[in-house]
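> turn this into a model:
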Amino acid sequence: MLQTPKGYIFAALEAGFKYSGRNDLALILSEVPAIAAAVFTTNKFQAAPVTVGKEILAESQQVRGAIINAGLANACTGEEGLADCRESLILAAKYLGINDRDLLPASTGVIGPRFNMDKWREAASKLKTAIADSDPVKAAKAIMTTDKFPKLAWGEIECDGKPVRMLGMCKGAGMISPDMATLLGFVTCDAEVDPDWWQEALRRCIDKSFNCITVDGDTSTNDTIMAFANGAAGVKADTTEKKEALEALLLNICQELSYMIVQDAEGGTKIMHINVSGAASNQDAELIARAIGNSPLVKTALFGEDPNWGRIVAAAGRSGAEFNPATLTLSFGKIVVFEKGKPVEGDMDALLEPIMRKQDILVNINLGDGNGSSFLQASDLSHEYVNINADYRS
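Model (predicted):
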């Protein structure tokens, strides 16, 4: 059963920014001030909500929550877009009875168009009423764009004899190739935390989860992950043991959510789990993993259930990583198909047929005796991906 941390309320409503007949505005609100941590896109074109969110957190790490719209990204909209974003916070805060700097903004959708502020005014006036008829699932559905299903993960640990709960939600299915996290994600927690440690913990968890996935090699203008901790559980994470337990829970939730994104990849049918080991450095290993995971040729072969190892070793060879091709060994699951620079004898297509039919396919690459390693989860590339993105703005 879904576990909601203490002291949080949610809202979801139809604002009509781009979609009709569905909710497209969500609110996550702590009943008391909460410590906020956030990590944003590294794309040089940063959307208005990213810029404004950074401004607010630079003033204070204590806020009340986030307001998220779907359909319009409010990205590449200039000073006018920044003004629209700030006005949307003022409107929402007015009807919620809080300060506008207590809300962090997030947007997802089409890049370029400006908000219709009349729709924002009307939606803001309905926020308080929507709280009574909303829950985390409805909020998670409201932030979806091309997602096929809402993405939520939750968990609980015990500290000082009391339960501490954490709930995460995210959206994302396309434009996924993290340089932070190509998506929107929100985590709520009811522990009391040190602000600097909370920020560091979120960054570490993102590096081991959202930064280890790819769908199509594109990094968004709006990438945002936020994590709130309001202390409502009456437990303070003030010892190494408590911090480690809380961070382990945060990591587990981030990894569950990031897996769901690859699982829900636009038109995706397969998930490739790429493990690279034996590299001269972690950086070299990551170059190889991303070259493979983002290769259209590898991804289309995966969709066609074709164990075309030649495309994989070719991608590794052009990755820019330093390694000796004569030491590379490649396997699908436990079946070695290419060993120390040359193919393994046998009917590999027949051996690999049952493996390639699975949704999750393990690809292991060993480069030798180096200490560098990397892990990446990647989707395949299907006809449906082209259909979805060819019609995205219509």
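
> contacts for stretch 114-127?
The contact list for stretch 114-127, computed with C-beta atoms under 8 Å, 6 or more residues apart in numbering, reads 11, 13, 15-17, 25, 27, 72, 74, 77, 80-81, 84-85, 87-88, 91-92, 94-96. Where you see a C-beta, it was placed from the backbone N, CA and C, and this is true even at glycine.

> now, those that are in helices?
Among the contacts of stretch 114-127, DSSP state H puts 80-81, 84-85, 87-88, 91-92, 94-96 in helices.

> ranges for the strands of the stretch 201-350 of the chain?
Secondary structure of the stretch 201-350 of the chain (DSSP state E, counting those that start in this stretch): strands at 213-214, 224-229, 271-279, 329-332, 335-339, 342-343.

> quick revisit: buried among the contacts of stretch 114-127? Make that a PyMOL selection.
One line in PyMOL is enough to select the buried ones among these; burial here means 16 or more other C-beta atoms under 10 Å:
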select buried, resi 11+13+15+16+17+25+27+72+74+77+81+84+85+87+88+91+92+96
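
> redo the strands of the stretch 201-350 of the chain as CSV? Include mean pLDDT.
Formatted as CSV, the strands of the stretch 201-350 of the chain follow (pLDDT from 0 to 100):
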stretch, mean pLDDT
strand 213-214, 88
strand 224-229, 96
strand 271-279, 97
strand 329-332, 97
strand 335-339, 96
strand 342-343, 94
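
> now render these as JSON lines, adding mean neighbour count and distance to residue 50.
Shown next, in JSON lines, are the strands of the stretch 201-350 of the chain (neighbours: other C-beta atoms under 10 Å; distance: least, C-beta to C-beta, whole Å):
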{"stretch": "strand 213-214", "mean neighbour count": "28", "distance to residue 50": "20"}
{"stretch": "strand 224-229", "mean neighbour count": "27", "distance to residue 50": "6"}
{"stretch": "strand 271-279", "mean neighbour count": "22", "distance to residue 50": "28"}
{"stretch": "strand 329-332", "mean neighbour count": "20", "distance to residue 50": "39"}
{"stretch": "strand 335-339", "mean neighbour count": "18", "distance to residue 50": "42"}
{"stretch": "strand 342-343", "mean neighbour count": "12", "distance to residue 50": "47"}
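
> looking at these, which is nearest to residue 161?
Closest to residue 161 of these, according to C-beta to C-beta: strand 224-229, at 19.2 Å.

> so what strands line up beside the closest one?
Using DSSP bridges, strand 224-229 pairs in its sheet with strand 25-40 (antiparallel), strand 184-189 (parallel).

> list the buried residues of the shortest one.
Within strand 184-189, the residues that count as buried by 16+ other C-beta under 10 Å are 184-189.

> thinking again about what came up before, quick one, which of the strands paired with strand 224-229 is nearest to residue 200?
Here strand 25-40 is closest among the strands paired with strand 224-229 (C-beta to C-beta), at 8.3 Å.

> from the chain's centroid, how far away is that closest one?
Centroid displacement of strand 25-40 relative to its chain, using C-alpha atoms, centre = their mean, to the nearest Å, is 16 Å.

> what's the answer for stretch 96-110, then?
On C-alpha atoms, centre = their mean, the centre of stretch 96-110 falls 19 Å from the chain's centre.

> many thanks, I have nothing further to ask.
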